[in-house]
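Visitor: Need coordinates for the following:
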Amino acid sequence: HLRIFQSNFFLAIEKTIREAGRCFRLWLGPELLVIVTDAKVAEGILSSPKYIEKSGEYDFMRPWLGEGLLTSSGRKWHSHRKIITPTFHFKILEQFVEIFDHQSDVFVEQLRAQAASGQAFDVFPLVTLYALDVICESAMGTKINAQIHSDSEYVKAVKEITCIIHIRTYDVMARYNSLFNLSPYRRQQDKVLKVLHGYTNSVIQSRRRDLVENNQKSQQDRDREAELGIRRKVAFLD
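Guide: Numbers count the residues shown, from 1 in each chain. Just a heads-up that it's a prediction; the model follows:
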């Protein structure tokens, strides 16, 4: 079925669903895939504690995201989930509402600028930039202003790596490591990963310095800041 999906992957999937039904199988090169779009069937699979192994497509994300909650499986996934679950407590999430509000205001301004022409436009690029701003500021505690500076090096690198991951999901010449490593996509991936990991590492080092400096403050300094209403901003990274 590979040739069917090479032109436009999602349109081809949509057409196949209409023709084959809500549950069907297809071959992607030598791999057999089972496609499920029926909500009841999907619920049974997703709610099962037994089927928590990630599919091979998640391997394409690991060079960028590593072995985190999104990409790990089995015991490692359970341990990571146990560690991270307390950070999603309502009281903790409440601290990030200010970020959501601010970035939403920027998003609305971007929509307003596009709508001024009176022409239909694709909201997807704007939504992805909004999501990137929210994720970076809430997770890493740093502003990248992706919605305003969409041509920055980091934003471009995110776009490129997600494009490579997408290509690897259906292009047989890029799907398998032995072929991918010989392709231009591998060289492109190495290039953008330097940008992405370089930025992430610099943020981590900066947050570490901030935490050390904060720990060295006397209790008197902390009490004074509390009286003045100075609240140290936290991030999921902390």
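
Visitor: Name the residues of the helix or strand where residue 12 lies that are buried.
Guide: Taking DSSP states H and E as the definition, one finds residue 12 inside helix 9-20. Neighbour-count burial for helix 9-20 flags 12-13, 16 (criterion: 16 or more other CB atoms under 10 Å). C-betas here are computed from N, CA, C, even on glycine.

Visitor: From the residues you listed, pick the one nearest residue 95.
Guide: Taking CB to CB as the measure, residue 95 lies nearest residue 13 of these, at 39.4 Å.

Visitor: just checking, that closest one touches residue 35?
Guide: Yes. Using CB atoms under 8 Å, residue 13 is in contact with residue 35, at 7.2 Å.

Visitor: For residue 33, name its beta-bridge partners.
Guide: Judged by DSSP bridges, the bridge partners of residue 33 are residue 26.

Visitor: number of nearby residues for it?
Guide: Other residues near residue 33 come to 13 when the count uses other CB atoms under 10 Å.

Visitor: try the one 5 residues further on
Guide: For residue 38, the count of nearby residues is 11 (other CB under 10 Å).

Visitor: pLDDT at it, what is it?
Guide: For residue 38, the pLDDT comes out at 90.

Visitor: Got phi/psi on it?
Guide: phi -80, psi 130 (degrees, to the nearest 10).

Visitor: which ones are touching it?
Guide: Residue 38 makes contacts with 22-23, as judged by CB atoms under 8 Å, 6 or more residues apart in numbering.

Visitor: How much space separates it from residue 97?
Guide: 36 Å (CB to CB, to the nearest Å).

Visitor: cool, and residue 126?
Guide: 21 Å.

Visitor: Looking at these two, which is more packed in?
Guide: For residue 126 versus residue 97, neighbours defined as other CB under 10 Å are more numerous around residue 126 (17 against 10).
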